[in-house]
Each structure stands twice: as C-alpha cells, then as structure tokens.
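> build me a model from this:
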Amino acid sequence: MIEFTYERTWVEIETLLERVEQERARRKEASFDRDLSTKERAHHMRNYKGLQGATYALRWVLGDREVTKRMVLGDD
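Numbering: from 1, shown residues only. The predicted structure follows:
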C-alpha cells in the first residue's frame, strides 16, 4: 500500500501549479509550431494534455471552485 507523508505545504503545491501551468503553455505553443514535424507536434500535444490533467488535479486540491471532480477524472 502507498504511504503518504502529507508533508507538502500549500506554498509548495501552489508553486508546483505555477510551474505546471507554465510548462503546459509552452507545450501548447510548441504543438502549433509549423517548423516541427507532425510527430514532434503530437508529442507536445500529449504532454500538454497530461499537464492539463495535473493542473486540474492541483487546482481541485487547492479548492478552485471552477474545477470539478469530473474535470479531474476526465468526465467533463
């Protein structure tokens, strides 16, 4: 069974969210870069979608009222 330490602070979570959102924006921009191959653009889009899920999860943990459990689980 996984053991959680619950040692993360809200500041650490908010800092991680900020970094995730910056990387997500970078990946989204790269996914539309016509100088990249289709394979490279697809790679960036997959990473963007993964980071989108991380963003939703972190925002939900922080209590963002606009992020629902459905969004976190991908049911939205």
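> what's the separation between the residue most central in space within the chain and E3?
Centroid-nearest residue in the chain: L51, 2.6 Å away (criterion: C-alpha atoms, centre = their mean). Here the criterion is C-beta to C-beta, to the nearest Å. By it, L51 lies 26 Å from E3. Using the backbone N, CA and C atoms, a C-beta is placed for each residue, glycine as well.
> swap in L58?
For L58 relative to E3 (C-beta to C-beta), the value is 21 Å.
> out of the two, which sits in the busier spot?
Taking other C-beta atoms under 10 Å, L58 and E3 do not tie; L58 has more neighbours (19 against 5).
> give me the contact list for whichever strand or helix holds the more buried one.
Take DSSP states H and E as the rule and L58 turns out to sit in helix 38-61. Contacts with helix 38-61, where a contact means C-beta atoms under 8 Å, 6 or more residues apart in numbering, come from 13, 16-17, 20-21, 23-24, 27-28, 30-33, 36, 66-69, 71-72, 74.
> which elements pack onto whatever helix or strand comes next after it?
Later in the chain than helix 38-61, the nearest helix or strand by DSSP H and E is helix 69-73. For helix 69-73, the packing partners by 3 or more C-beta pairs under 8 Å, 6 or more residues apart in numbering; DSSP states H and E come out as helix 38-61.
> could I get the helix it packs on in PDB with only the CA atoms?
What follows is helix 38-61 as a C-alpha-only set of coordinates in PDB (Å, rounded to 0.1, in the frame of the first residue of the first chain):
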ATOM      1  CA  THR A  38       3.800  16.100 -37.100                       C
ATOM      2  CA  LYS A  39       5.300  13.600 -34.800                       C
ATOM      3  CA  GLU A  40       7.000  16.300 -32.700                       C
ATOM      4  CA  ARG A  41       3.800  18.400 -32.500                       C
ATOM      5  CA  ALA A  42       1.800  15.300 -31.400                       C
ATOM      6  CA  HIS A  43       4.400  14.700 -28.700                       C
ATOM      7  CA  HIS A  44       3.900  18.200 -27.400                       C
ATOM      8  CA  MET A  45       0.200  17.900 -27.500                       C
ATOM      9  CA  ARG A  46       0.200  14.700 -25.500                       C
ATOM     10  CA  ASN A  47       2.400  16.400 -22.900                       C
ATOM     11  CA  TYR A  48       0.000  19.400 -22.900                       C
ATOM     12  CA  LYS A  49      -3.000  17.100 -22.200                       C
ATOM     13  CA  GLY A  50      -1.100  15.400 -19.400                       C
ATOM     14  CA  LEU A  51      -0.200  18.700 -17.800                       C
ATOM     15  CA  GLN A  52      -3.800  19.800 -18.200                       C
ATOM     16  CA  GLY A  53      -4.800  16.900 -16.000                       C
ATOM     17  CA  ALA A  54      -2.100  17.800 -13.500                       C
ATOM     18  CA  THR A  55      -3.400  21.400 -13.500                       C
ATOM     19  CA  TYR A  56      -7.000  20.300 -12.800                       C
ATOM     20  CA  ALA A  57      -5.900  18.000 -10.000                       C
ATOM     21  CA  LEU A  58      -3.700  20.600  -8.300                       C
ATOM     22  CA  ARG A  59      -6.400  23.300  -8.700                       C
ATOM     23  CA  TRP A  60      -9.000  20.900  -7.200                       C
ATOM     24  CA  VAL A  61      -6.700  20.100  -4.200                       C
END
